[in-house]
Structures are given as C-alpha cells and as structure tokens.
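> starting from these lines, generate the structure:
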Amino acid sequence: MWIAAIKATAGYFVEQTKLNVNPFAGIKVRKDDPSATKENKVEPRTPPRKGFNENEARIILTATLATPSHLTSAEMKAAKRWLPGSGPTAAPARTS
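Residues are numbered from 1 along each chain as shown. Okay, the predicted model is just below:
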C-alpha cells in the first residue's frame with residue numbers, strides 16, 4: 001500500500017515539473033515470490049475485523065442515551081442522539 005502512495009506522490013511532482021521522471025513507476029511488489037527465502041517470504045495476514053462485537057455495540061448505543069451536558073446546544077444534543085434505528089419506533093435493546 002505504501003508503494004502506491006509514493007508512486008502517486010512522485011507522479012504529482014512529475015506533473016508539477018519538480019521531477020523529470022517518476023523513479024517509482026516500474027516498481028511492483030510480489031507477495032509470493034518462489035525464489036524468496038523462507039525468512040523473506042510474506043506470510044498472509046488475516047483481514048482486520050469489521051464491525052463491532054455485541055459488547056462494543058452495547059457500549060456505543062448506551063452512550064447515545066446518556067444525558068448531555070447543560071453546555072451542549074440543542075442541535076448538538078440532537079446530532080449526538082441520532083443513530084439509525086434508535087428513534088422512538090426502534091425496538092428496545094436486548095439485555096443479557
């Protein structure tokens with residue numbers, strides 16, 4: 001991922017005539033090079049977890065019900081309270 005960023009940055013400098021040529025233009029990263037030694041091989045990583053587990057979701061949703069400070073404007077109170085499915089017609093939260 002970092003190689004794409006550096007390529008794009010160098011490409012921008014070429015467009016702005018700050019560089020004559022993009023030195024990173026031909027670089028490719030191979031993830032599974034058969035000639036790589038065991039120490040240098042890239043191990044596949046598990047993808048990052050997406051979403052919240054039940055406990056994390058409960059903490060976030062409970063925080064939307066907290067009484068806001070008296071210093072908070074009415075608009076900000078409404079914005080902090082808004083969450084899809086948390087309005088007056090939303091189903092009550094499960095408690096375990």
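
> can you give me the end-to-end distance of stretch 51-71?
End-to-end distance for stretch 51-71: 32 Å, by Cα to Cα, to the nearest Å.

> distance of E75 relative to T17?
47 Å (Cβ to Cβ, to the nearest Å). Placement of C-beta: from N, CA and C, glycine included.

> with T67 instead?
58 Å.

> ditto for A5
Where T17 is concerned, A5 sits at a distance of 21 Å (Cβ to Cβ).

> please say which of those two ends up with more neighbours.
Neighbours per residue (other Cβ atoms under 10 Å) separate A5 from T17, with A5 holding more: 10 against 7.

> dump the helix ranked longest in the chain to CSV, restricted to CA.
The longest helix of the chain (DSSP state H) is helix 2-15. Output in CSV follows, covering the C-alpha atoms of helix 2-15 (Å, rounded to 0.1, in the frame of the first residue of the first chain):
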residue,chain,number,x,y,z
TRP,A,2,2.8,2.4,0.8
ILE,A,3,4.3,1.9,-2.6
ALA,A,4,1.1,3.2,-4.3
ALA,A,5,1.3,6.3,-2.2
ILE,A,6,4.9,7.1,-3.0
LYS,A,7,4.2,6.4,-6.7
ALA,A,8,1.3,8.8,-6.7
THR,A,9,3.3,11.5,-4.9
ALA,A,10,6.2,11.2,-7.3
GLY,A,11,3.7,11.3,-10.2
TYR,A,12,2.3,14.5,-8.9
PHE,A,13,5.8,16.0,-8.7
VAL,A,14,6.4,14.9,-12.4
GLU,A,15,3.2,16.7,-13.3
